[in-house]
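Student: test case, fold it:
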Amino acid sequence: MTNKIIGIQGDKLDKINISSDTSIFLAHEAQKLGYKIFYYTPSNLSIIKNKTYANGVFVKFNYEKKKFYKIYKKQKIFVENLKFILIRQDPPFNSEYLITTLILDGLKKVRVINNPTAIRNVSEKLYSKYFVKFMPNTLFSNNIDEIKKFFKQNKSMIMKPINGYGGNQIHLIKNKFNKKLITNFLNKNGHSMFQKFLKNISKGDKRVFIINGKVCGAISRVPKKGSYLSNMSKGAVPKLTKLTKLELKISKIIGKKLKNDNIYFAGIDFIDQKLNGDINVTSPTGLKTYYDLSKINLAKIFWKGLRA
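Tutor: Okay, here's the model as predicted:
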C-alpha cells in the first residue's frame with residue numbers, strides 16, 4: 001500500500017489559503033484517485049544513516065468543511081516508500097530551499113516533482129536569459145553603472161530580486177534614477193533583474209500553465225487600481241483569458257525546453273504579449289483559480305501525465 005502514498009513538501013498547513021492554493025487542489029484530486037496524502041514541511045526532512053526520512057502527518061483534505069484538513073496520523077516515513085513527492089513550499093530560493101533539493105536528489109524509487117536537480121538549474125528569472133528575444137528590454141546586473149545606463153535607455157524600469165516571489169520587493173523606478181534605493185537593494189539582494197516598465201500591466205498579465213511540456217490553459221491577473229503588481233497576493237483580480245497566436249507560440253517553445261530540462265510543471269507570465277521573465281518552477285500556482293473560473297480541472301491532466 002506504500003506506493004499509494006503521495007508526499008507533499010509544503011508550507012505550514014495553517015498558513016495556506018484554501019480558496020486558491022494549488023498544492024491542496026492537486027492533493028484533493030490525488031485523493032479521488034485513491035492516494036493517501038503524507039504532508040510535511042521542509043524542516044522535517046532528515047538523512048539518517050544515508051536514508052532520507054520525513055516527519056509529517058497523514059492528512060485528508062475536504063473543501064466542504066470549514067477546517068479544510070484533518071490530520072489522522074503522525075509518522076516518520078522513509079521517503080523511498082512514497083509514489084511521488086511534490087516540492088511545493090513557496091520561494092524564496094534561499095540556502096534552506098537549496099539544501100532540501102540536495103537532500104531529495106538521487107532518490108531511486110520515488111519520483112519528485114519538480115525534479116530537484118532541475119529546480120536548481122532552472123533559476124526562475126535567470127532562466128529567461130534563453131528567451132530574451134521574447135521579452136521587454138531586460139538587464140541582470142549588480143553593477144550600478146550598467147543599471148544607470150539601462151535606466152537612461154528605457155526611461156522607467158522595474159527592479160526585482162532574482163530569487164523573489166509573490167510581488168515582494170518589486171520597485172518601479174521612473175522619472176529619476178534613485179541611486180540610494182538601488183544601491184541598498186543591491187546590497188541586500190546582489191545580482192538583480194531590471195526590466196523596461198510596460199504600462200499595459202494595468203490591463204493585467206497572463207499566467208500560462210505548462211504541464212509536461214504542454215500549454216494547458218491561462219488566466220489573466222488584473223492589478224488593483226493604482227498598482228503595477230499583478231500578483232493575486234497583492235490584490236490582483238483573476239479573469240479567464242485566451243492566448244494570442246504569438247503568446248501560444250512562445251509558450252510552446254518554452255514548454256519544450258522546460259520538458260527537455262526535466263521540469264514537469266511550470267507557470268510562465270506575459271505582459272502585453274511579452275514574456276516578463278518569471279518562469280515559476282519552484283511552486284507554480286493558479287490551478288485552483290483556473291478551475292473556479294473555467295471548471296476545467298488541470299489537476300486531472302497533472303496526474304494523468306504522471307500515470308498516477
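Student: would you map the strands across the stretch 101-250 of the chain?
Tutor: For the stretch 101-250 of the chain, applying DSSP state E, counting those that start in this stretch gives strands covering 111-113, 138-141, 156-161, 171-174, 192-196, 205-211, 214-222, 237-240.
Student: closest one to Asn94 among the ones you listed?
Tutor: Distance to Asn94, taken as C-beta to C-beta, is lowest for strand 156-161 among the strands of the stretch 101-250 of the chain, at 10.9 Å. (C-beta placed from N, C-alpha, C; glycine too.)
Student: tell me the angle that closest one makes with strand 192-196.
Tutor: 160 degrees (axes from the mean of the first three to the mean of the last three C-alpha atoms, to 10 degrees).
Student: any stretches of this protein with poor pLDDT?
Tutor: 1-2, 308 (pLDDT under 70).
Student: redo that, cut-off 50
Tutor: Residues of the chain meeting the criterion pLDDT under 50: 1.
Student: what does the domain assignment say about it?
Tutor: With domains defined by automatic domain parsing, the chain comprises 2-115, 138-197, 201-280.
Student: from Lys65, how far out is Thr101?
Tutor: 34 Å (C-beta to C-beta, to the nearest Å).
Student: repeat for Ser230
Tutor: 32 Å.
Student: check Phe140 too.
Tutor: Counting by C-beta to C-beta, the gap from Phe140 to Lys65 is 46 Å.
Student: compare those two (neighbour count), which wins?
Tutor: Remark: of Phe140 and Lys65, Phe140 carries more neighbours, 17 against 10, as counted by other C-beta atoms under 10 Å.
Student: a helix runs through Ile263, doesn't it?
Tutor: No: read with DSSP: H, G, I helix; E, B strand; the rest coil, Ile263 is coil and lies in no helix.
Student: now do the same contact list for the closest residue to Val222 other than its chain neighbours.
Tutor: Leaving aside its sequence neighbours, Val222 sits nearest to Gly204 (C-beta to C-beta, 6 or more residues apart in numbering; 3.8 Å). Residues in contact with Gly204 (C-beta atoms under 8 Å, 6 or more residues apart in numbering) are 220-223, 230, 236, 239, 241.
Student: just among those, which is most surrounded?
Tutor: Ser230 (27 neighbours).
Student: neighbours around Lys269, how many?
Tutor: For residue 269 the amino acid is Asp, not Lys. Neighbour tally, Asp269, other C-beta under 10 Å: 19.
Student: now for whichever helix or strand it is part of, which elements pack on it?
Tutor: Here Asp269 sits within strand 265-271, counting by DSSP states H and E. Packing partners of strand 265-271 (3 or more C-beta pairs under 8 Å, 6 or more residues apart in numbering; DSSP states H and E): strand 205-211, helix 245-260, strand 274-280.
Student: could these go into a markdown table alongside mean neighbour count and distance to Gly167?
Tutor: Output for the helices and strands packed on strand 265-271, formatted as a markdown table (neighbours: other C-beta atoms under 10 Å; distance: least, C-beta to C-beta, whole Å):
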| stretch | mean neighbour count | distance to Gly167 |
| --- | --- | --- |
| strand 205-211 | 25 | 11 |
| helix 245-260 | 17 | 21 |
| strand 274-280 | 23 | 10 |
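Student: quick one: closest of those to Phe194.
Tutor: Among the helices and strands packed on strand 265-271, strand 274-280 comes nearest to Phe194, with 10.4 Å by C-beta to C-beta.
Student: CA atoms of that closest one as PDB?
Tutor: The C-alpha trace of strand 274-280 is given here as PDB (Å, rounded to 0.1, in the frame of the first residue of the first chain):
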ATOM      1  CA  LYS A 274       6.000  39.900 -24.000                       C
ATOM      2  CA  LEU A 275       7.400  37.200 -21.600                       C
ATOM      3  CA  ASN A 276       8.100  39.000 -18.400                       C
ATOM      4  CA  GLY A 277      10.900  36.600 -17.300                       C
ATOM      5  CA  ASP A 278       9.100  34.900 -14.400                       C
ATOM      6  CA  ILE A 279       9.300  31.200 -15.100                       C
ATOM      7  CA  ASN A 280       7.900  29.600 -12.000                       C
END
